[in-house]
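1. I'll drop the sequence and a predicted model, then ask my questions.
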Amino acid sequence: MKMTLLGAGVRAPFVLRGLASSRADLGLDEVVMHDTDAGRLDLMTALGGYLASEWGAGYTVRGDPDPRSAIAGARFVFSAIRPGQEAARAVDEEVPLKHGVLGQETTGPGGFAMALRTIPAMLGYARIIEETAPDALLVNFTNPVGIVMQALHDHSRVRAVGICDGPIAMQRSVAEFLGLPREQVHADYFGLNHCGWIHRLLVDGRDRLPELLGRFEELQAADDQWRPFDPALVRAIGMLPMEYLYFYYYRDQAVAHIRGSGSSRGRQLQDLNDALWPALQELVRAGDLPGARLAWERAMSERDATYFARERGTAVPVEADEPGNVFEGEGYEGVATAVMAAAVRRRKIPLILNVPNRGAIGGLRDDDVVEVTCLADEHGAHPIAQGHMPDLPLALIEQVKVFERLTVAAAVEGSYDAALGALLAHPLVPSYPVARVILDDYLDALPGLLPQLR
């Protein structure tokens, strides 16, 4: 069985490791990597092939610069592309910060700019999938996941499921806190990508969420992802918030912290990758693949150690001499392989995924792409009914959903008015003049990367 990996970025080895761990369930024998950057494709193919051999993965890894032949005949396509790379991400985040608005990769204007240049590329791949691998399931990790999934749903016939590692990290955290395996804790989750809540936690049929809310301070002490939220806020909401809601509940604080750090996460990762790629090239050309692995692991350890640090206003850790186990834990690669295993093995697996709503969340349209607890099987992912949201989170979700739909329209139609309306609709953009200056700054700062807006 063939799987195609779109995007040979620095995190591609995580996907390969997830596939290696799940090979017995998948029956996978070939992974084809594709990227528009031939140099990066060659380097990641070499490193990925070496790692797969070291793991005894049982599948071959090869690179293919031609998207049609890379995708043709694939059973699964995993997408993690980044048009413009980290240099464009840095612009995405720094333009709104100049105007006192949150700069973040997926949330607010940063996600808007990334979506504008990513949606056309993803729809182009969707056309190729329709023509050369019409039965393939697209597992999408390309950010911003929710907006990209909305575009794929509205403007293609591809079977697609969107994944994120945030909800599974929440579920794993509360399971560890309760001293239970994750599989024994059922999390009912609803919202949009990077904007959702756990509203019920079932263990042996009993809801343990009230207990978690009462012991939230203990949960914070056990896991950093909960620390940004005031316990009184969490108890008032009555649900466990995913960490990106920090940007909505503490918007002024988040902006102040990022601006006070003197840089942005995008610029930090650009510097990290700008150092990593030449090092990998030198080591791979010298035939030192163990050295390439060590250099990659050190960079991934630093990336992980500094995650969310500047946004929370905490000190950015100093790089350790030796990397830890970067493959420890279960992230997005675990979700991706679980989706694929459910399809191959024809079994139902509960997962939190990005899919069309189809009545799962009351008050939203059936074709609104949401992030919700689903059952994944050979037919795809089926959202589980979550009922009506309380008014407070629903008001936020409805506004963000308008933003997402207008962003898709702007990317597909090339409409300046839709793009301006999207920014104006977003709850983190305070006014029309600010929305307009951010949009115009993006058009000036990202020439050739954004659609021509009429």
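-> Arrived safely, thanks for sending.
2. so where's the stretch 351-454 of the chain uncertain?
-> Counting by pLDDT under 70, not a single residue of the stretch 351-454 of the chain qualifies.
3. 90 - rerun?
-> Within the stretch 351-454 of the chain, the set of residues satisfying pLDDT under 90 comprises 452, 454.
4. for it, which segments count as helices?
-> Here the stretch 351-454 of the chain has its helices, by DSSP state H, counting those that start in this stretch, at 391-413, 416-425, 432-445.
5. for G262, find the nearest of those helices.
-> helix 432-445 (19.4 Å; CB to CB). The way it works is simple: take the backbone N, C-alpha and C, and place the C-beta from them, glycine included.
6. which positions within that closest one qualify as buried?
-> Within helix 432-445, the residues scored as buried using 16 or more other CB atoms under 10 Å are V434, A435, V437, I438, L439, D441, Y442, L443.
7. just name whatever secondary elements it is in contact with.
-> Judged by 3 or more CB pairs under 8 Å, 6 or more residues apart in numbering; DSSP states H and E, helix 432-445 is in contact with helix 85-98, helix 109-132, helix 416-425.
8. could I get these as TSV with distance to A74 and mean neighbour count?
-> As requested, the helices and strands packed on helix 432-445 are arranged in TSV below (distance: least, CB to CB, whole Å; neighbours: other CB atoms under 10 Å):
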stretch	distance to A74	mean neighbour count
helix 85-98	24	21
helix 109-132	8	22
helix 416-425	33	20
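9. who are the neighbours in contact with G162?
-> G162 is in contact with N140, F141, V145, G146, V148, M149, N193, L353, N354, V355, V369, E371, counting by CB atoms under 8 Å, 6 or more residues apart in numbering.
10. count of neighbours near the first one?
-> Read that as N140. For N140, the tally of surrounding residues (other CB atoms under 10 Å) stands at 28.
11. mind listing the residues bridging to it?
-> S79, G162 (DSSP bridges).
12. dump the residue contacts of it.
-> For N140, the residues meeting the contact criterion (CB under 8 Å, 6+ apart) are S79, M122, V148, M149, L152, A160, V161, G162, I163, N354.
13. looking at these, which is nearest V101?
-> Each of the contacts of N140 was checked against V101 using CB to CB; the closest is V148, at 22.0 Å.
14. contacting residues for that closest one?
-> By CB under 8 Å, 6+ apart, V148 lies in contact with A115, T118, I119, M122, N140, T142, G162.
15. thought the first one was touching P144?
-> The one in question is A115. Yes: between A115 and P144 there is a contact under CB atoms under 8 Å: 5.4 Å.
16. now do the same contact list for the residue nearest to P350 when sequence neighbours are not counted.
-> By the measure of CB to CB, 6 or more residues apart in numbering, the closest residue to P350 outside its immediate chain neighbours is L375, 5.9 Å from it. Contacts of L375 were listed using CB under 8 Å, 6+ apart, and they are K348, I349, P350, L351, A381, H382, I384.
17. the second one: what's it in contact with?
-> Spelled out, it's I349. When contacts are counted by CB under 8 Å, 6+ apart, I349 touches A338, V339, A341, A342, L375, A376, D377.
18. list phi and psi for it.
-> phi -130, psi 130 (degrees, to the nearest 10).
19. not counting sequence-adjacent ones, nearest residue to it?
-> A342 (4.4 Å).
20. buried ones in the helix or strand hosting that neighbour?
-> Per DSSP states H and E, A342 falls inside helix 332-345. The neighbour-count criterion (16+ other CB under 10 Å) identifies 332-344 as the buried residues of helix 332-345.
21. between the contacts of N140, which sits nearest L449?
-> The shortest separation between L449 and any of the contacts of N140 is 14.4 Å, and it belongs to M122 (by CB to CB).
22. just confirm that closest one contacts A151, I think it does.
-> Yes: under the contact definition of CB under 8 Å, M122 touches A151, with a separation of 6.6 Å.
23. where does the stretch 201-350 of the chain have low pLDDT?
-> Along the stretch 201-350 of the chain, segments meeting pLDDT under 90 span 314-332.
24. same thing with the stretch 1-150 of the chain?
-> Low-confidence segments of the stretch 1-150 of the chain, defined by pLDDT under 90: 22-25, 103.
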